[in-house]
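*Asks:* Got a predicted structure plus its sequence, pasted below:
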Amino acid sequence: MFTTPIPWLVLALSIGIPILFIVGMRYIASHAGSRTTRVASITRGGRRARSLSIPLPRVNVKRLLVVGILGLGALVILMRFIFGIGPVSNMSDSFPWGIWIGLDVMGGVALAAGAFVIAGSAHIFGVKKLEPLVRPAILTGFLGYLLVVCGLVVDLGRPYNIWRPLVHWQHYSVMWEVGLCVFTYTVVLFIEFLPVILERINGFEAIATRLPTVPLYKFLRKISIIFVILGVILSTLHQSSLGSLWVLMPTKLDPLWYSIYLPVFFWLSAIAIGLTMTIVESTLSSRAFGHGLETDLLAGLAKWAVIVLGIYLVARFADLIMRGAWPLLFEPSVQAYAFWLEIGVGVIVPMILFSRRSWRENPRILFTGAAMVVLGFIINRLNIATVGMWEWSGVRYLPSWMEVSVSLALVTLGVLVFALAAKYLPVFSEEHG
Amino acid sequence: MSEATKTTRRQFLKGAGAAALATYGICNLPQSVFAEGSSTGACVDPVSILIDVSRCQGCDSCALACKEANQLPLTENPPSKLDADTYTFVDRREVTLENGESATRYVKRGCMHCLNASCVSACPAAAMYKTEEGPIYYRANRCLGCRYCQMGCPFSVPQFDWNNGLSPEISKCWMCYDRLEEGEQPACVDSCPTGAIRFGHRSRLLAGAHARIESNPDHYVDHVYGEHEVGGTAVLYISDVPFDQLGLPTDLPTTAPPEETEKIMTKLPFVIGGLAVALTGTAAWTHRHEHETEITEE
């Protein structure tokens, strides 16, 4: 089944560690006083038991699943740093980039696009009604970038050199631009999100009176527009640079995707994703946290998304026709099917779903269409990184289950942190001050 | 006859070695080795290697000499592909000759040392960089392990150590740069018993290659592979069978791929400047009333 012993090791540990954990917890519980013993001691002596009585978090299927996914991902990452990238992945010298770049980095950056689209619209173009969507969008963007950094640390062979692009300027290298943008934009997103954290801290008088968090908060609010502008510029650079990366491979990337206009396509699609990801994220969090859904606001975003998707569609096909690559679209190849899948799911069907006002304002259709755009463009990024490189490399790369488990763990971590932040920080309610 | 040929060859080699030394004087070698990498820092006339496929007998001396010179473990004898421990190997190709007969041709493969190299342009930290003399050199201590050089290389030459968890390195031919510094030739050139591999300045080797083709037009294909491919490479091939049969990529553009990405990169300052002005202007315009109210409040 597996050619190397590493997958077996991962499997054995992923079964072994939970068993050890459960056995260990049971041991602690039976020796240090469980809930029942504590209750008994209170009722008997009217006094708190002196034995250790940490209330264990309740175990349910959802929590077990989250812990399982995170644990498996962590194990694979551990294996990757012990044995190398080769044994845990299907990457090779014939296929040096897999889904850690195609999905975690390229997809993660794309999904973070809501931050610059919504913050830019609200604060630069003065669309004030978008204000309630800004904080969740920035949080999504910030977490997206943190995950990209995590993904990079796993994927880079020598991650401790990640700072080098900041020092050795290589202004001809697209990867240098990518590296610089990842770093600076993560910092900018943190500064954009910092007021939310400070608002919470300022709620605690004990801290707020001792630390200069209140003046810092006021200062950040005053200069926030600078970081919004910086965010839009850095996002434009970064989103487009992920497309520019592939411009270096004219003979390698399939002609259905290769174009010198890839940076423009990536940027346009980032705006579409930014708009629709905000719809997806708002709908999901309104369900999860039970607050109201601003349907008319989101329908407005969908209307803009139709315009952007329309421009994108025309540009993609004009490019294919101008390069003379359009006959490939009608060949019975995996590449052609993959192309139609991404365009159909991500562009054509959502444009139809969003075309009528009454459809847009139906929350269910709105969510479906927006989710399709997001999915379609994730497929787009994956197509470029995988299917688009199949023909040239002669290797039909598909990720190994261990690569998938790392990606899954990173996404789970992102959702988890979002949920925690939404619970404990004023993300959805802004205190105007 | 053969004695005479040998002498000329030796003389030629000596000449090339001396010429290489002379270049180092001009290009100021000690500084260039430690200088920042630059994708445009190519010497006007780089040192090059010319491989005559029709003269190669497939003895694998070059591949084995490379292993020895670079202290690489001999994991496979003879090496049959590039990998983390193999900078060069002899590719055995079954070809069909013009008269319909099948034959074997031996193609020494390895880094092409492109004049405007994708790997150098790709590297975000100048770990992969082009020396002024032409050879492309890898500095592991700067490398992030992003493998964009592998993705970018049109010949898929850079190889990664997939089984090293913490400090994997990229491996590729560096044209025995250490030997060049000593005034010697690359180990593969030195080891070749048939004279199929020649070392010298690119302009000279190119002229020589064309002369060889002209003097024997029935034997050679009228094309010097690497003269124009991806904007020109420092490793050149001539052959008696078409290059598409030799496993060398023949669909390459004549412009260097980095030129396309450099076009994009040079537009960035204008994108940044334009956006900064436009966005600041827009923000100032949309917030103009807020400012007025603030003033009136005061």
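*Replies:* Yep, that arrived.
*Asks:* Confidence-wise, which helix or strand of the chain is lowest on average?
*Replies:* I'll assume chain A. Ranking every helix and strand in chain A by mean pLDDT, DSSP states H and E puts helix A:35-45 at the bottom, with a mean of 47.
*Asks:* switch to chain B, that's the one I care about
*Replies:* Least confident helix or strand of chain B, by mean pLDDT, DSSP H and E, is helix B:29-34 with a mean of 34.
*Asks:* ok, then the element right after that helix?
*Replies:* Under the assignment DSSP states H and E, the closest C-terminal helix or strand after helix B:29-34 is strand B:47-52.
*Asks:* what helices or strands is that next one leaning on?
*Replies:* Judged by 3 or more CB pairs under 8 Å, 6 or more residues apart in numbering or on different chains; DSSP states H and E, the packing partners of strand B:47-52 are strand B:197-201, helix B:202-215, strand B:235-238. Every residue, glycine included, has its C-beta placed from N, CA and C.
*Asks:* mind listing what residue 261 touches?
*Replies:* No chain was given, so I picked chain A. Contacts for residue A:261 (CB atoms under 8 Å, 6 or more residues apart in numbering or on different chains) come out as A:315, A:319.
*Asks:* I was after chain B.
*Replies:* Contacts of residue B:261 (CB under 8 Å, 6+ apart): A:172, A:174, A:244, A:247-248, B:121.
*Asks:* What separation do you get for residue A:91 and chain B?
*Replies:* Per CB to the nearest CB, to the nearest Å, residue A:91 is found 7 Å from chain B.
*Asks:* pretty sure that residue is touching residue A:99, no?
*Replies:* No: assessed by CB atoms under 8 Å, residue A:91 is found out of contact with residue A:99, at 9.3 Å.
*Asks:* tell me which element the nearest residue to residue A:353 once chain neighbours are set aside falls in.
*Replies:* Residue nearest to residue A:353 in three dimensions, not counting chain neighbours: residue A:369, with 3.7 Å by CB to CB, 6 or more residues apart in numbering or on different chains. According to DSSP H and E, residue A:369 maps onto helix A:363-385.
*Asks:* Low-confidence regions, the chain specifically.
*Replies:* Reading this off chain A. Scanning chain A with the threshold set as pLDDT under 70 gives A:1-6, A:18, A:25, A:28-58, A:429-433.
*Asks:* looking at chain B here, not the other one
*Replies:* B:1-43, B:291-298.
*Asks:* what's the domain layout of it?
*Replies:* B:2-255, B:260-297 (automatic domain parsing).
*Asks:* Can you work out which residues contact both of residue A:91 and residue A:99?
*Replies:* Jointly contacting residue A:91 and residue A:99 under the rule CB under 8 Å, 6+ apart are residue A:403.
*Asks:* neighbour count winner among the two?
*Replies:* Higher neighbour count among residue A:91 and residue A:99: residue A:99, with 27 against 24, using other CB atoms under 10 Å in any protein chain shown.
*Asks:* show me the biggest helix of the chain in terms of residues.
*Replies:* Reading this off chain A. Determined from DSSP state H, the single longest helix within chain A is helix A:213-244.
*Asks:* Chain B, not that one
*Replies:* Under DSSP H, chain B gives helix B:257-286 as its longest helix.
*Asks:* now the closest residue to chain A within the stretch 151-298 of chain B, nearest residue through space, not along the chain?
*Replies:* Relative to chain A, the nearest point of the stretch 151-298 of chain B is residue B:162 (2.7 Å; CB to the nearest CB). Nearest non-adjacent residue to residue B:162, counting by CB to CB, 6+ apart: residue A:86, 2.7 Å away.
*Asks:* Tell me the spacing between that neighbour and residue B:156.
*Replies:* Distance from residue A:86 to residue B:156, counting by CB to CB, to the nearest Å: 17 Å.
*Asks:* Which of those two has more residues huddled nearby?
*Replies:* Using other CB under 10 Å as the criterion, residue A:86 and residue B:156 rank with residue A:86 on top: 21 against 17.
*Asks:* list the contacts for the residue nearest to residue A:353?
*Replies:* Counting by CB under 8 Å, 6+ apart, residue A:369 touches A:276, A:302, A:349-350, A:353-354, A:360.
*Asks:* repeat for residue A:380
*Replies:* Counting by CB under 8 Å, 6+ apart, residue A:380 makes contact with A:269, A:342, A:346.
*Asks:* Spatially central residue for chain B, please.
*Replies:* The centroid of chain B falls nearest to residue B:113 when counting by CA atoms, centre = their mean (1.7 Å).
*Asks:* Verify the contact between that residue and residue B:133 for me.
*Replies:* No: counting by CB under 8 Å, residue B:113 stays clear of residue B:133, with 10.1 Å between them.
*Asks:* Next, show the common contact partners of those two.
*Replies:* With CB under 8 Å, 6+ apart, residue B:113 and residue B:133 have common neighbours residue B:46.
*Asks:* related to what we said a few turns ago, next one: phi and psi at the residue of the stretch 151-298 of chain B closest to chain A?
*Replies:* Note on residue B:162: backbone dihedrals following degrees, to the nearest 10 are phi -80, psi -10.
*Asks:* Look up how far residue A:89 lies from it.
*Replies:* 8 Å.
*Asks:* neighbour-wise, which of these two wins?
*Replies:* Each of residue B:162 and residue A:89 has its neighbours counted (other CB under 10 Å); residue A:89 has more, 24 against 20.
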